[in-house]
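> Fold the following, please.
(chains A, B, C and D)
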There are 2 protein chains.
Amino acid sequence: MTQRTASAATQSGGLPIQRRTYSIGELAKMFEVTPRTIRFYEQEGLLAPERRGQTRVYREKDRVRLKLTLRGKRLGFSLAEIREVVMMYDAMPDGNARQLQRLLEILAEKRDNLERQLEDIRLMHRELDDVETRAREVLSGLGAEPPKH
Amino acid sequence: MTQRTASAATQSGGLPIQRRTYSIGELAKMFEVTPRTIRFYEQEGLLAPERRGQTRVYREKDRVRLKLTLRGKRLGFSLAEIREVVMMYDAMPDGNARQLQRLLEILAEKRDNLERQLEDIRLMHRELDDVETRAREVLSGLGAEPPKH
DNA sequence: CAAGCACTTTACGTTAACGTAAACCTCGGC
DNA sequence: GCCGAGGTTTACGTTAACGTAAAGTGCTTG
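Now for the predicted structure:
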């Protein structure tokens, strides 16, 4: 097998600790992106994996970050926007009040964004329903079998 | 006033007919985009206004199209995707069964997309809640007044 | 030890969706 | 008659988010 991939999750003791690590290729397949994408995200300051020699080693934390990043992308956020939130999230423990205020602002803004998207989705859903209804009507009017699939 | 803009909506009779037209600048302000954007959408086959001489004249239909286009954009659809749906919607009356089938396929796909986005939004919402909660905790721990806004 | 595979860096290429600039027309008002 | 506000075309520039190719490193497997 060509699977000498990641370190085992169990130490001699046997407790399934979170010491699981991932290679860049693993993460890539896991999220259906290319390694290039993951490296690019690192270059953009969204990931900061460790290095074993020259090779990148990703931990759970990195995996979660990547997941959040991709989710943000699906919602149409730019990498810059995503970074802004993710980095502040990480910088939280230092507890700079000013930064936290800024973070809350950003969060409120993102929330507004999501609200608008939700409304857009509802509207779009209706439009699609209309189009589909009309399409089926025309189809049945043609004497074709209405696809009940 | 520099408002010699669009033709009136009422003819001699007085019925508020839909004969309202818009200039490119009007639409631009209305939707907070630039004229360039609107011209670009036309070039991409999303709009097809009439011409009075050389000047573009937009009707209600065009306004609606533009609205749908921008909504689609907010949802992360590419102009190509939007065009695919919008154009088929227009081509519907001809009633080509094959095209209609294709349209239904596309609609189903868009619908799936929307579903995923909804789920993403729900998840993202939770994350934001978490982050905000933590931020407020840290803030209050600092002795600062928790902003009750 | 040679092959192969996964990783690395560097760097140039690409696509979508416009922005921006130049140079022109045209119309109503003073 | 000219000016300014809007409209027009043409064309090159820009940004984000990667793709792609080249050339090298390091392990392990036959």
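> Next, count neighbours for the nearest residue to residue A:128 once chain neighbours are set aside.
Excluding its sequence neighbours, the residue lying closest to residue A:128 (Cβ to Cβ, 6 or more residues apart in numbering or on different chains) is residue B:107, at 5.2 Å. In this view, the C-beta of every residue, glycine as well, is placed from N, C-alpha and C. Neighbours of residue B:107 under the rule other Cβ atoms under 10 Å in any protein chain shown: 19.
> Quickly find the element holding residue B:107.
helix B:97-141 (DSSP states H and E).
> just checking, what packs against that helix?
Contact analysis of helix B:97-141 by 3 or more Cβ pairs under 8 Å, 6 or more residues apart in numbering or on different chains; DSSP states H and E lists helix A:60-74, helix A:97-141, helix B:79-91 as its packing neighbours.
> Can you check which of those gets nearest to residue B:135?
helix A:97-141 (4.9 Å; Cβ to Cβ).
> What part of chain A, helix or strand, is modelled with the least confidence?
helix A:97-141 (a mean of 81; mean pLDDT, DSSP states H and E).
> Check the offset of that helix from the chain's centre.
Here the centre of helix A:97-141 is set off from its chain's centre by 18 Å, with Cα atoms, centre = their mean, to the nearest Å.
> And DNA strand D, is it touching that?
No: applying Cβ under 7 Å from any atom of the strand, one finds helix A:97-141 separated from DNA strand D by no less than 14.3 Å.
> how about the residues of chain A that lie near DNA strand C?
Going by Cβ under 7 Å from any atom of the strand, the residues of chain A near DNA strand C are A:2, A:23, A:24, A:25, A:26, A:28, A:35, A:39, A:54, A:55, A:56.
> Of the residues you listed, which are in range of DNA strand D?
Near DNA strand D, taking Cβ under 7 Å from any atom of the strand as the test, the members of these found are residue A:54.
> out of the residues of chain A next to DNA strand C, who's nearest residue B:75?
residue A:28 (26.7 Å).
> who's in contact with that closest one?
By Cβ atoms under 8 Å, 6 or more residues apart in numbering or on different chains, residue A:28 lies in contact with A:34, A:35, A:37, A:38.
> buried set for the strand or helix carrying it?
According to DSSP H and E, residue A:28 maps onto helix A:24-31. Residues A:24, A:27, A:28 are the ones in helix A:24-31 that count as buried (16 or more other Cβ atoms under 10 Å in any protein chain shown).
> average pLDDT across that helix?
For helix A:24-31, the mean per-residue pLDDT is 97.
> what's the angle from it to helix A:60-74?
Angle, helix A:24-31 to helix A:60-74, by axes from the mean of the first three to the mean of the last three Cα atoms, to 10 degrees: 50 degrees.
> following helix A:24-31, which helix or strand shows up next?
helix A:35-43.
> now for that following helix, which elements pack on it?
Judged by 3+ Cβ pairs under 8 Å, 6+ apart, helix A:35-43 is in contact with helix A:24-31, helix A:60-74.
> try 6 Å this time
Other helices and strands packing on helix A:35-43, by 3 or more Cβ pairs under 6 Å, 6 or more residues apart in numbering or on different chains; DSSP states H and E, are helix A:24-31.
> by how many degrees do the helix it packs on and helix A:35-43 diverge?
Going by the same axes, to 10 degrees, helix A:24-31 makes 100 degrees with helix A:35-43.
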